[in-house]
Every structure is written in C-alpha cells, then in structure tokens.
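A.B. asks: this is a predicted model, with the sequence first.
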Amino acid sequence: MTSGPVSLFVNPTAGRGRAGRRLSRISALLEQEGIEFESYQSRTAGDLEDQVRTQVNRGTEKIVVAGGDGSVHEAVNGIMHADNPARLGVIPSGTGNDFAKACRIPLNWEHATQLLAERIKVDATSRCIDIGRMNERYFANGAGIGFDAKVTKIARSYRWPIGDLVYLFAIFRCLVDGVATPDMTITSDALTMRGPITLASISNGAWVGGMFHIAPMADNSDGKLELLIADPVSRTRILSLLPKIISGEHLGENEVKHASVSRVTIEARGEVPSHLDGEVGAPASRFVIEILPAALNLL
C-alpha cells in the first residue's frame, strides 16, 4: 500500500492540450492500482508552481505532474522552494519531454503512468537527480542564454500542432532577424573566456527542444553541468550545423566549446534573453548558475 496520498497536477494546456485530454485515463490507471490521489489543474502560468509549493508545505510527500518540460519546471521550483521535502513523478504529456528523456521515463504516457503507479504502490526506492539553479530560479533540464533563448521565445508564441518542428520554424524566423553576438564574460571552474558569442547552453539533461541532442554527455546524476558555448556564426553556418546538433555530432566543430562545470558566471554587456527548461525569463545581464547534486528525489 502507498504511504500517504499522491497529489496529481495537470497542466491542461501542455502538449497543445494533450495533457488535459488525458486526465481521465491517467486517473483510471492510477485507480486501477489502488493509488489514493487528489488531482489539481493549473489555470495560468506560475499557478502549478504555487499549488505544488502549497501542497508540499501541507505535508504532501508525493507529487505527480502530467505535462511537459514547462510543467516539470514549475513543479521543481514548487518543491525546491517549499519548506518540506517531496518526491516527483512525471507523466510526459508535453511537446518536447526533454526531462523525461533525461530520466529515462517512457515517452508513451500510458506506459509511464502504469510504471509510476507500480512504483508508488510498492514504495520503490527513490532515484536522486541533480538540479540546477540560475540566480534565484531552479531548472531540471537546462538553461540557455542568447540565441537559443530567442528561439524558445518565438517557438512558444506559435500554437501550431506540429510537435518538435515548432523549434525549427522558430530558428528560421530568428535567422530572418539576424544572429546577435553580444559580448559576454564567462567564468567557471573549468573554462574562462571573454568576447562575442552566439549562445551559452548549460545542460543537466542531453536534449533541448525535443529534437536537439545538445549535450550527449549530460547525466543528471553526476554532479556536473555541461557548458556549451557557440562562437559568432553566420546564418548559413547555423543552417549547416543544425543536422549535427540534432544528431549530437556538433561537439567537434571549431565554433563550439565545451566544459563540464559545477558553477559558472556569465556577464553580458547589456541585457540578453535567457530561458530555463524552455521557460523564457526577463532579459538580464548577469547569470550565476550552479549545480545542486542529488537535490531532488524521483518517485
């Protein structure tokens, strides 16, 4: 039997509405395994995070989220900002599901629900994963500063039901505007540099945008973040690099620098865009990023 009820959080808009449509089936699968749960639905951006933090502070120890990487991001911040500990389970129902890939959670949402229910039922041993922090916000999968943050912002403005391809269209749209290469100073325990860059990607998991294998070496339980920096590149060079980034074969390219880090500070000359787990933040000029080893327990 389970030790205490489960709080199930659903973002009904995740995956272009897929998560909301799956709620009844997810509930049925949990009930079949005798899982006691209460379900909650988010209404606006930030609402899921607030609800998770409230429930954890009330003593809930098991949080399950049906949604995409944005929903996971909010749940992680809700747990990490709460006063009590809680374990997290994820039913992938988003567009990219990068966090699920990093944690080897089945992308088939019904299979993932069944496996999760079985683990909850027997109170299986938790797996600990690392969590990143940038300034005062936490991230589960990755952070981006520069070009990829601009791509993410444009991709999130589209409402087309085309899955991961939305990020490709966003890249093409960004290229029309040109590629900004702001001056940045990057200081870490493994790499230091100063000058113009196209982007800085800081990965806890291997994938971003669903289809881009940005950091093939990333392991969210090794106590490290993977820092990738792209030097200034032309529009045509970005297009030629895209297939390599999708396949994870870009690390040997001259414009790409890589280092495994535990902490990195990035300072830009002027404000630049950023994202955490695909959630776009306000432009800023200083970013302090660090890894928190084994900070979160998974169900």
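C.D. replies: Great, that's in hand.

A.B. asks: so in terms of bridging, what pairs with L225?
C.D. replies: V261 (DSSP bridges).

A.B. asks: tally of neighbours for G132?
C.D. replies: G132 has 25 neighbouring residues, counting by other C-beta atoms under 10 Å. Where you see a C-beta, it was placed from the backbone N, CA and C, and this is true even at glycine.

A.B. asks: do I have it right that it meets V288?
C.D. replies: No. Counting by C-beta atoms under 8 Å, G132 stays clear of V288, with 11.1 Å between them.

A.B. asks: distance of A14 from I91?
C.D. replies: Distance, A14 to I91, using C-beta to C-beta, to the nearest Å: 10 Å.

A.B. asks: of the two, give the one with the bigger neighbour count.
C.D. replies: Neighbour totals were compared for A14 and I91, and I91 leads with 29 against 26 (other C-beta under 10 Å).

A.B. asks: distance of the more buried one from S221?
C.D. replies: I91 sits 21 Å away from S221, going by C-beta to C-beta.

A.B. asks: ok so, going back, which residues are in contact with both of A14 and I91?
C.D. replies: 66-67 (C-beta atoms under 8 Å, 6 or more residues apart in numbering).

A.B. asks: just the CA atoms of the helix or strand of the chain with the lowest mean pLDDT, as PDB, please.
C.D. replies: Lowest on mean pLDDT, DSSP states H and E among the helices and strands of the chain sits helix 165-177, with a mean of 73. Coordinates of each C-alpha in helix 165-177 appear next as PDB, following Å, rounded to 0.1, in the frame of the first residue of the first chain:
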ATOM      1  CA  LEU A 165       9.100  21.000 -35.600                       C
ATOM      2  CA  VAL A 166       7.900  24.300 -34.000                       C
ATOM      3  CA  TYR A 167      11.500  24.900 -32.800                       C
ATOM      4  CA  LEU A 168      12.800  24.500 -36.400                       C
ATOM      5  CA  PHE A 169      10.400  27.100 -37.600                       C
ATOM      6  CA  ALA A 170      11.400  29.400 -34.700                       C
ATOM      7  CA  ILE A 171      15.100  29.000 -35.800                       C
ATOM      8  CA  PHE A 172      14.200  30.000 -39.300                       C
ATOM      9  CA  ARG A 173      12.300  33.000 -38.000                       C
ATOM     10  CA  CYS A 174      15.200  34.100 -35.900                       C
ATOM     11  CA  LEU A 175      17.600  33.900 -38.800                       C
ATOM     12  CA  VAL A 176      15.500  36.300 -40.700                       C
ATOM     13  CA  ASP A 177      16.200  38.900 -38.000                       C
END
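
A.B. asks: in that helix, what counts as buried?
C.D. replies: The neighbour-count check on helix 165-177 (16 or more other C-beta atoms under 10 Å) flags 166-168, 170-171, 174-175 as buried.

A.B. asks: all helices for the stretch 1-150 of the chain, in order.
C.D. replies: Using DSSP state H, counting those that start in this stretch, the helices of the stretch 1-150 of the chain run over residues 14-32, 47-57, 69-80, 98-102, 109-122, 147-157.

A.B. asks: list the neighbouring strands of the helix or strand hosting T185 plus their orientation.
C.D. replies: Per DSSP states H and E, T185 falls inside strand 183-188. Sheet pairing for strand 183-188, assigned by DSSP bridges, gives strand 192-196 (antiparallel), strand 263-276 (antiparallel).

A.B. asks: following the first one, which helix or strand shows up next?
C.D. replies: When you say that, I think you mean strand 192-196. strand 199-203.

A.B. asks: packing partners for that following strand?
C.D. replies: Strand 199-203 sits against strand 142-146, helix 147-157, strand 225-230, with contacts defined as 3 or more C-beta pairs under 8 Å, 6 or more residues apart in numbering; DSSP states H and E.

A.B. asks: what's the angle from the shortest one to strand 225-230?
C.D. replies: Same thing as strand 142-146. Counting by axes from the mean of the first three to the mean of the last three C-alpha atoms, to 10 degrees, strand 142-146 lies at 20 degrees to strand 225-230.

A.B. asks: which residues sit against strand 142-146?
C.D. replies: So strand 142-146 is contacted by 98, 132, 134, 152, 180, 182, 184, 197-205, 208, 214-215, 230, 266, 268, 272-277, 287, 289 (C-beta under 8 Å, 6+ apart).

A.B. asks: run through the neighbouring helices and strands of the least confident helix or strand of the chain.
C.D. replies: Judged by 3+ C-beta pairs under 8 Å, 6+ apart, the packing partners of helix 165-177 are helix 147-157, helix 235-247.
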